[in-house]
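Chemist: Fold the following for me, if possible:
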Amino acid sequence: MKKIAFILILLLPTLVSSQHLLSEPVPWQFSEIGQGYQLSIDSSDDTHSEWQTVRFGLAGLRKISETSRLFFGLHHISFSDGGNSVLDRWPDLLGDDASFPGESRTTGWSRPYFGMISDNNLPLLGESKLCVKMGTPFSSASLYPFSSRSISAGFYLYKRWSVISAVEAVAATGHEMVFDAVGDELFEDAYPSTNSVSLDMILPGLGIDLGWRGVFADGNQSSIAQLGYNIPVGETGSVSLSVERELADESVRLFGTRIKLALTLFAPVQKDQEEELDEE
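Modeler: Okay, the predicted model is just below:
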């Protein structure tokens, strides 16, 4: 199963499209806490398209074994197109039964997603993580490209290693298959499958993360640089602040700059586990 997932990540093709649906990255760092919850808010804008978004997010993580964690997440989105609608930017995506709202601001819930992350020891790579992630169709096409009524399935691989005493490097790659939306609001070209790659340099002692993430479809790409800072809050939480800059061409990018603030709450140790530790 592990080898099959790894082969799928490397070999599955992408489709041709002028744009791709936004997909949340796998919460690799979040998964390292064992189990807990994360509340977030992020705001983005683009001076070229005049698009602005504000999103409130909720994510959860539960440890189901010594090597596996389940996770889920969703966002509430407020999207303002500044009079430059999705169909003004990409008119070829309009479907036969399109009924996009005429308002310049749209609000709603993003596609809920869930998945499983497992620790593995793969040939050549050694200790690494695999993830399977699913996106559900419970959203509205009016939120495209930040969400839509579509189904997705992704396979991902993650590797972390120490570079020098105070610096760690992280690399991840994945492939996400996106299936046509329920209904005919948009043509299938609005939902290409994508490949993703990310690279991060982390200074754990300082809580600093400098990273880059690319999402690629044939003829289109997203390239995001990120600077993040994480502050521990007691023994059961942390606060993180990150700034992202989209480096892709102005004609296809979804935002110019995005700022995200997140509060992570670690689940406390259960009483029965504490009793076992005390007996030992």
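Chemist: can you confirm residue 162 is in a strand?
Modeler: Yes - assessed by DSSP: H, G, I helix; E, B strand; the rest coil, residue 162 belongs to a strand.
Chemist: so where is the stretch 101-250 of the chain shaky, pLDDT-wise?
Modeler: 101-103, 181-184, 218-219 (pLDDT under 70).
Chemist: Next one: residue 72 from residue 195, what distance?
Modeler: 24 Å (C-beta to C-beta, to the nearest Å). C-beta: built from backbone N, CA, C; applies to glycine.
Chemist: Equivalent analysis for residue 143, please.
Modeler: From residue 143 across to residue 195, the span is 24 Å (C-beta to C-beta).
Chemist: Look at the two and report which has more neighbours.
Modeler: residue 143 (24 against 19; other C-beta atoms under 10 Å).
Chemist: Please name the nearest non-neighbouring residue to the more buried one.
Modeler: residue 108 (5.3 Å; C-beta to C-beta, 6 or more residues apart in numbering).
Chemist: ok, then the element right after the helix or strand the one you found falls within?
Modeler: Following DSSP states H and E, one finds residue 108 within strand 105-109. Per DSSP H and E, the first helix or strand lying C-terminal to strand 105-109 is strand 113-122.
Chemist: Downstream of that next one, the next helix or strand is which one?
Modeler: Sequence-wise, the next helix or strand downstream of strand 113-122 (DSSP H and E) is strand 126-135.
Chemist: what helices or strands is that following strand leaning on?
Modeler: helix 2-11, helix 28-31, strand 113-122, strand 151-164, strand 167-179 (3 or more C-beta pairs under 8 Å, 6 or more residues apart in numbering; DSSP states H and E).
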